[in-house]
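> Please work out how this folds:
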Amino acid sequence: MRNRMIAGNWKMNKSYSEGVVLAQGLARELEGGTGDVDVVVCPPTVDLKGVATVIEQESAPFSLGAQNAYFEESGAYTGETAPSMLTDIGATYCIIGHSERRGYFGETDEDINKKAKALMAHGIVPISCCGESLEVREAGKHVEFVVDQIKKDTENLVIDDPSKYVVAYEPIWAIGTGKTATADDAQEVCGAIRKTLAEVFGQEVADGIRVLYGGSAKPENVAGFLEKEDVDGALVGGASLKADSFAAMVKAAM
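I've put the predicted structure just below:
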């Protein structure tokens with residue numbers, strides 16, 4: 001049985017003080033608990049300490065995640081953050097391979113594969129993103145494209161506990177555009193992702209890996225996605241920047 005997951009990606013939003021206020025508001029909204037739903041917030045790196053402090057002081061029912069990490073342990077990598085640094089500050093999840101990292105900063109599947117291995121070596125759960133552009137979807141090659149990403153991103157990865165690896169399917173054409181894939185669109189690709197994971201890791205492990213949908217997910221549409229067999233939650237962008245809207249998505253998943 002896979003626990004559902006709602007993860008919030010704040011992207012490059014919220015200053016340190018604003019992040020603390022948002023985390024406090026979310027803690028109040030979810031003070032009754034989240035049931036069997038795992039909730040993760042992923043603020044900008046400079047906000048991590050502040051949010052970690054709120055989680056500790058408020059006994060908040062959500063976990064801390066980062067938006068990126070590098071695969072080296074330490075060294076002359078200006079501007080990067082090592083997995084050990086994230087562990088030390090209290091992060092237990094980390095987004096990798098987001099389309100914005102791939103598109104704007106040239107990250108490759110090889111980079112994402114290395115990051116997953118480095119994070120898991122430090123006990124951090126990767127939320128590994130994949131997804132196609134509008135051009136690929138309109139060409140009818142979206143499933144093939146995402147399956148290829150999954151195979152490359154998981155190459156030689158060892159997963160003993162399937163709850164410690166998460167995949168997020170994010171159709172690029174539906175991120176921040178107001179366009180949203182239908183629940184059937186999401187199931188088509190998420191089902192293909194799980195089938196591919198079964199080929200790579202075996203059915204038992206694949207059945208335990210959470211596959212999230214990301215792409216203009218919001219309180220009004222999340223329930224429809226969660227009805228699908230292979231959609232286990234959502235990676236939320238804009239709707240995670242307000243405590244009440246993000247909490248509403250968590251409650252819809254409970």
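> So which helix or strand of this structure has the lowest pLDDT on average?
Least confident helix or strand of the chain, by mean pLDDT, DSSP states H and E, is helix 134-138 with a mean of 92.
> After it, which helix or strand is next?
helix 142-153 (DSSP states H and E).
> List the buried residues in that following helix.
H142, V143, F145, V146, V147, Q149, I150, D153 (16 or more other CB atoms under 10 Å). No exception for glycine: its C-beta is placed from N, CA and C like everyone else's.
> the strands in the stretch 1-150 of the chain, which residues?
Secondary structure of the stretch 1-150 of the chain by DSSP state E, counting those that start in this stretch: the strands cover 5-9, 38-42, 63-66, 93-96, 125-130.
> which other residues reach the third one?
Applying CB atoms under 8 Å, 6 or more residues apart in numbering, the external contacts of strand 63-66 come out as 7, 38-42, 45, 48, 51-52, 55, 81, 86, 89-95, 127.
> Neighbouring strands - and their directions - for it?
strand 38-42 (parallel), strand 93-96 (parallel) (DSSP bridges).
> Hmm, Y77 is touching F71, no?
No. Using CB atoms under 8 Å as the test, Y77 is too far from F71 to be in contact (9.6 Å).
> Which one's more surrounded, those two?
Per other CB atoms under 10 Å, whichever of Y77 and F71 has more neighbours is F71, with 20 against 11.
> ok, now how distant is that one from N113?
From F71 across to N113, the span is 9 Å (CB to CB, to the nearest Å).
> picking up where we left off before, from the buried residues of helix 142-153, pick the one nearest R102.
Closest approach between these and R102, by CB to CB: Q149, at 9.4 Å.
> what sits against A7?
By CB under 8 Å, 6+ apart, the neighbours of A7 are 39-42, 65, 93, 95, 127, 166, 168, 212, 233-236.
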